[in-house]
Every structure is written in structure tokens, then in C-alpha cells.
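Quick one, fold the following:
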Amino acid sequence: MRCRHADTEAATARTISRAWPVLLAAAVLAAAPTTPIASAQTGVQQPTLKERLLFGLQARRPSEKRFIDAVVDTVERGELPLRLVDRTFFWARSRTPKRPTRRSRRAIIYFQPALTIQAQRLRINIRPNPPPPAS
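The predicted model follows:
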């Protein structure tokens, strides 16, 4: 018959042996630099807001691309908060199926009306920058 002390030691040893990969990964991540300078030094380039919206939302039609251009222009002017755009972006992506089917919808289908409604509630007009005046 085994004693309780031996069972406790065996359980502790199993827990530690299972946890060491997680602890190692946490230590590596904690030591990794997270500043933008580090990514610039490694040559990794962050996508622009326009690229992220175009590819992340799978915008294909000219009207969808014009809407994304207007969103980017409105954010760059400081009228539309980037946080609102990001929150709506991730919400729209979560609404799309993980595995695309033949009739699955793209995230832009959810993003465009949702962002338009939220901007209207804040009394923000999503519009592209006006063209420069003709000389």
C-alpha cells in the first residue's frame, strides 16, 4: 500500500513536468523586445490601416474599396477614432465563418454598416479627403 506522501510527490512532479514548457515560453516572451524599434531593426514592416482593412475584411468591389479609403481618410483627419475602427474590424471578422464555404460572407459585409451606424451615433461623417483645388 502506498502512502499519501508518495502520491503527493508524484502529482507535484507531474504538474511541474507539464508546466515547464509554458513557463519557458512565458520567460522567452517576457524577455523579447516589444518596442516598434525592435521590429524596425528586424526588417518586419507593419501593414498600414488601409492594407489591414482591405485584406482583413476581404474588400473586393470598388464601392467597398472607396468606403475603406474614406474610413482611412477620416481616421487620418482625426475625426474617427482608430479604436472604434479596430473594435468594429475585429467584431466583423468574428462574425464571419472560420471555414469559408461556397456561400459564406466576407467581413466587409458586417463592417461597413456597423461602422456607418456607430459613426452616425457620434455625428461623424465618413468621407474621403476632398481633392486639392485646381490651380
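
show me what contacts Leu80?
Applying C-beta atoms under 8 Å, 6 or more residues apart in numbering to Leu80 gives the contacts 71, 74, 119, 124, 126. From N, CA and C alone the C-beta is placed, and that goes for glycine too.

now, among those, which is nearest to Pro81?
Closest approach between the contacts of Leu80 and Pro81, by C-beta to C-beta: Ile124, at 8.8 Å.

The closest one against Arg77, yeah?
No - using C-beta atoms under 8 Å, Ile124 makes no contact with Arg77, being 10.1 Å away.

Between these two, point out the one with more neighbours.
Ile124 (16 against 10; other C-beta atoms under 10 Å).

Might you report the residue contacts of that one?
Taking C-beta under 8 Å, 6+ apart, we find Ile124 in contact with 74, 79-80.

pLDDT, distance to Pro97 and secondary structure for the residues you listed - can I get that in a markdown table?
What follows is these, written out as a markdown table (pLDDT from 0 to 100; distance: C-beta to C-beta, whole Å; DSSP: H, G, I helix; E, B strand; the rest coil):
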| residue | pLDDT | distance to Pro97 | secondary structure |
| --- | --- | --- | --- |
| Thr74 | 95 | 29 | helix |
| Glu79 | 94 | 33 | coil |
| Leu80 | 95 | 28 | coil |
